[in-house]
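**Student:** Next input, structure requested:
(one chain, ligands or ions: 2)
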Amino acid sequence: MGEFELIARHFTRAAPPGGAVVLGVGDDCALLQPTPGHQLAVSSDMLVEGRHFFAGAEPEALGHKALAVNLSDLAAMGARPLGFTLALALPAADEAWLAPFARGLFALADAHACPLVGGDTTRGPLTISITVFGELLPGHALRRDAARAGDELWISGRTGEARLALALRRREPWARGELATVQDRMDRPTPRLALGQALAATAGVHAALDVSDGLLGDLGHILKASGVGAEIGMNALPVAPALSALDEGPRLDCLLAGGDDYELLFTADASARKAVLSAGRRAGTAVARIGRLTRTPGIRLLDAAGRESPLAARGFDHFAN
Ligand code: ADP
Ligand code: MG
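**Tutor:** Numbers count the residues shown, from 1 in each chain. Ligands and ions are numbered 1, 2, ... in the order given. The predicted model follows:
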């Protein structure tokens, strides 16, 4: 199968009517028409075999995840997806890999009305690079530099299950539980698009990002960009049932430093509390208030009594800068 046949068979589909796509796969460029008065939001993410996923990973889940991590970036900005491109390096034109990969990819693309509009295909070590295009109204973007001291800190869903899945798969000694209960949290993350757009349209919501490298580490990006610090109430963190069987150390490690969660971490003025809860309900995504931003730089982890937690301080000193 040649390159053009491969593209025609697996990656060429009619663009859905009514969307932003004027011209899709097949010409030198795709043509997109954003809604007048909107800004474009653009993001790329690359997945490399052996580095971001296991050699031999299930292709359908890979198709899902490759697009999900990109859509998650649009969600974190509050943007609505318009379309995406796919650059693919493949060791061979393998039907048994391409068909399920395309199935996983398009299932998620269709669920979010985000059509594939172009890309590039070449022979090489398996690498999946996607660029997503989205749009939002000027002033609505949830930027990392927009947090303010006094803001409340929120998280969507729950963190840590993807990290537990990785540990169970690697048989790390502290890991307990059934891989099947947490596997999808690692392999098939859910981009929080509806929530991101609802938050972007909510007055008083300031900064957001998607948690891909662990809650504390990613929070650090907001704090640095905004010049603020944070306090987190450890008992306010939503804990998945699968994590409650773990010892306290590994549980905190999963919750605070896990990675691959793709939940939205965001800040909002205290006066927006009801509106944030309502945005979560409209989006069908749980949101939890886990702390607040401070003028004092650094991250402080507080126990139930509001005291700085020594256990957490020991474990996570390297994050608190
Ligand atoms: P060019 O020579 O301009 O780079 P290509 O021959 O690489 O064009 O691609 C032909 C058409 O197929 C282009 O419209 C390109 O966007 C599209 N395309 C190539 N690879 C993919 C892919 N993996 N997924 C979707 N579209 C693709
Ligand atoms: Mg090309």
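**Student:** Contacts only, for the residue in the stretch 201-321 of the chain that ligand 1 sits nearest to.
**Tutor:** Distances between the stretch 201-321 of the chain and ligand 1 by C-beta to the nearest ligand atom are smallest at Tyr262, namely 23.1 Å. Every C-beta, even on glycine, is put in place using the N, C-alpha and C of the backbone. Residues near Tyr262 by C-beta atoms under 8 Å, 6 or more residues apart in numbering: Ala68, Val69, Ser72, Ala162, Pro189, Thr190, Pro191, Arg192, Asp210, Val211, Ser212.
**Student:** just the strands in the stretch 201-321 of the chain please.
**Tutor:** Ranges of strands in the stretch 201-321 of the chain, per DSSP state E, counting those that start in this stretch, are 205-211, 229-233, 263-268, 287-294, 299-302.
**Student:** where does the chain come near ligand 1, residue by residue?
**Tutor:** Neighbours of ligand 1 within the chain, by C-beta under 6 Å from any ligand atom: 7, 11, 25-28, 86, 88, 116, 118-121.
**Student:** Relative to Ser278, how far out is the closest residue in space to Ile232 that isn't next to it in sequence?
**Tutor:** Closest residue to Ile232 apart from its sequence neighbours, by C-beta to C-beta, 6 or more residues apart in numbering: Gly291 at 3.9 Å. Using C-beta to C-beta, to the nearest Å, we find Gly291 at a distance of 21 Å from Ser278.
**Student:** Not counting residues beside it along the chain, what's closest to Ala272?
**Tutor:** Gly204 (3.0 Å).
**Student:** The closest residue to ligand 1 within the stretch 151-300 of the chain and Ser129: what is the separation?
**Tutor:** The stretch 151-300 of the chain approaches ligand 1 most closely through Pro191 (19.7 Å), counting by C-beta to the nearest ligand atom. Per C-beta to C-beta, Pro191 is found 17 Å from Ser129.
**Student:** Name the residue in the two with the higher neighbour count.
**Tutor:** When neighbours are counted by other C-beta atoms under 10 Å, Pro191 comes out ahead of the other of Pro191 and Ser129, with 26 against 18.
**Student:** The residue lying closest to that one once chain neighbours are set aside and ligand 1, how far apart?
**Tutor:** Closest residue to Pro191 apart from its sequence neighbours, by C-beta to C-beta, 6+ apart: Leu71 at 3.7 Å. Counting by C-beta to the nearest ligand atom, to the nearest Å, the separation of Leu71 from ligand 1 is 16 Å.
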